[in-house]
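K.L.:
Can you look at this prediction? I've put the sequence above it.
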Amino acid sequence: MHEVALSSVHTHGGRIDQQELRQAGERLLQALADGSLLAPDRRVFAFDALPNPLRALKGGSGHAVASCADHHNMSCKRKIAMDLGIAGRWALVCASSKGLGKGCAMALAREGVNLVVNARGSEALEATAAELRALNPAIKVRSVAGDIGRNEVRRAALDACPQVDILVNNAGGPPPGDFRDWTREDWLRAVEANMLTPIELIRATVDGMAARGFGRVVNITSAAVKAPIDILGLSNGARSGLTGFVAGLARQPNLAGRNVTLNNLLPGAFDTERLRQTLSTTAQASAQSPEAIGEQRRRGIPAGRFGSSDEFGAFCAFLCSVHAGYMTGQNLLLDGGHYPGTF
């Protein structure tokens with residue numbers, strides 16, 4: 001991105017140096033033409049704040065002011081930023097009525113991607129679909145309610161999508177517990193939801209992606225794949241199975257060589273309903289309040305906070321972009337620095 005040195009334009013006796021103004025204007029127009037622009041303090045410049053781009057040059061210092069002080073709040077004003085090159089594509093986003101799946105759907109909608117959204121609960125799903133349409137009226141949004149693990153729901157979701165250019169696999173994790181208490185049926189449910197269903201959707205879509213010369217598959221798994229958590233054995237096992245499968249598939253030349261990428265996003269602690277439920281369960285077992293448990297968790301994260309669904313979605317959208325075509329078969333950890341290892 002370009003840095004436009006607006007602060008270098010000085011006033012002389014209340015008058016702007018015309019040569020400096022012209023040079024700064026030329027740099028500004030070049031940055032606009034490139035689609036990239038930075039304010040002097042390296043923040044993304046909020047063009048919405050300036051109906052006339054040269055207005056920032058008038059007055060004392062000439063400094064441009066970014067409109068969003070909270071840099072991890074993606075709901076601030078529209079910014080001049082990188083074009084992800086996926087407007088007009090179609091995406092199927094699973095478990096997208098709330099939480100991280102919804103964050104991904106919202107980020108893709110901002111980029112002009114048409115969406116098929118899915119979740120078990122029809123009421124929450126329709127509310128999310130309405131939000132997406134309001135966010136970007138130019139896109140098409142179709143909703144398919146039901147358990148994506150069922151063949152008929154999976155088929156309906158695929159049929160609702162004219163072509164799947166982007167697939168975001170997502171499913172709620174299995175419950176925590178002790179492996180001594182889990183039955184064979186518990187294991188089969190976990191593997192079905194968190195390994196086999198994503199594989200079925202991948203199998204139904206990647207060859208079409210390869211034939212068209214573009215495809216992005218993002219699987220939302222868990223940080224527990226990299227750093228297993230003892231009480232999440234069902235999740236550790238099922239999601240690790242999917243991870244191993246994707247590692248091999250992503251390296252097939254007939255996919256990677258046809259601009260089809262498959263990557264996994266491994267979320268740590270994000271401020272979602274699932275995290276709040278986990279904190280509540282832990283609190284009940286430890287005779288502490290959920291707030292106290294949450295504060296303990298936050299103190300263990302170098303970033304000092306939980307992640308937001310918006311920033312998770314923004315990262316997912318980048319992985320789905322034309323700029324991420326050389327990244328495939330990777331496991332990308334988003335945990336605020338919590339994982340202590342080098343690799």
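P.N.:
Cool, got the structure.

K.L.:
So for stretch 200-212, what gets flagged as buried?
P.N.:
The neighbour-count check on stretch 200-212 (16 or more other Cβ atoms under 10 Å) flags 200-202, 204-206, 209-210 as buried. Where you see a C-beta, it was placed from the backbone N, CA and C, and this is true even at glycine.

K.L.:
Strands - which of the residues you listed land there?
P.N.:
Judged by DSSP state E, strands contain none of those.

K.L.:
Kindly reformat those as TSV containing pLDDT.
P.N.:
Below are those laid out as TSV (pLDDT from 0 to 100):
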residue	pLDDT
Glu200	99
Leu201	99
Ile202	99
Ala204	99
Thr205	99
Val206	99
Met209	99
Ala210	99
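
K.L.:
Out of those residues, the closest to Gly244 would be?
P.N.:
Ile202 (13.5 Å; Cβ to Cβ).

K.L.:
Select from the buried residues of stretch 200-212 every entry located in helices.
P.N.:
200-202, 204-206, 209-210 (DSSP state H).

K.L.:
how about the strands of the stretch 201-343 of the chain, start to end?
P.N.:
Assigned by DSSP state E, counting those that start in this stretch, the strands in the stretch 201-343 of the chain fall at 215-220, 260-267, 331-334.

K.L.:
For the shortest one, C-alpha coordinates in PDB please.
P.N.:
Just to be clear, that refers to strand 331-334. Extracted C-alpha coordinates of strand 331-334, given in PDB (Å, rounded to 0.1, in the frame of the first residue of the first chain):
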ATOM      1  CA  ASN A 331      -3.200 -25.000   9.200                       C
ATOM      2  CA  LEU A 332      -3.500 -21.300  10.200                       C
ATOM      3  CA  LEU A 333      -3.800 -20.600  13.900                       C
ATOM      4  CA  LEU A 334      -5.700 -17.600  15.100                       C
END
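
K.L.:
can you list contacts of that strand?
P.N.:
221, 223, 225-226, 243, 263-268, 307, 312, 315, 319, 339 (Cβ atoms under 8 Å, 6 or more residues apart in numbering).

K.L.:
What of the first one?
P.N.:
Residues from elsewhere that reach strand 215-220, judged by Cβ under 8 Å, 6+ apart: 100-101, 104, 164-170, 198, 202, 205-206, 208-209, 242, 246, 255, 258-265, 267, 316, 319-321, 324.
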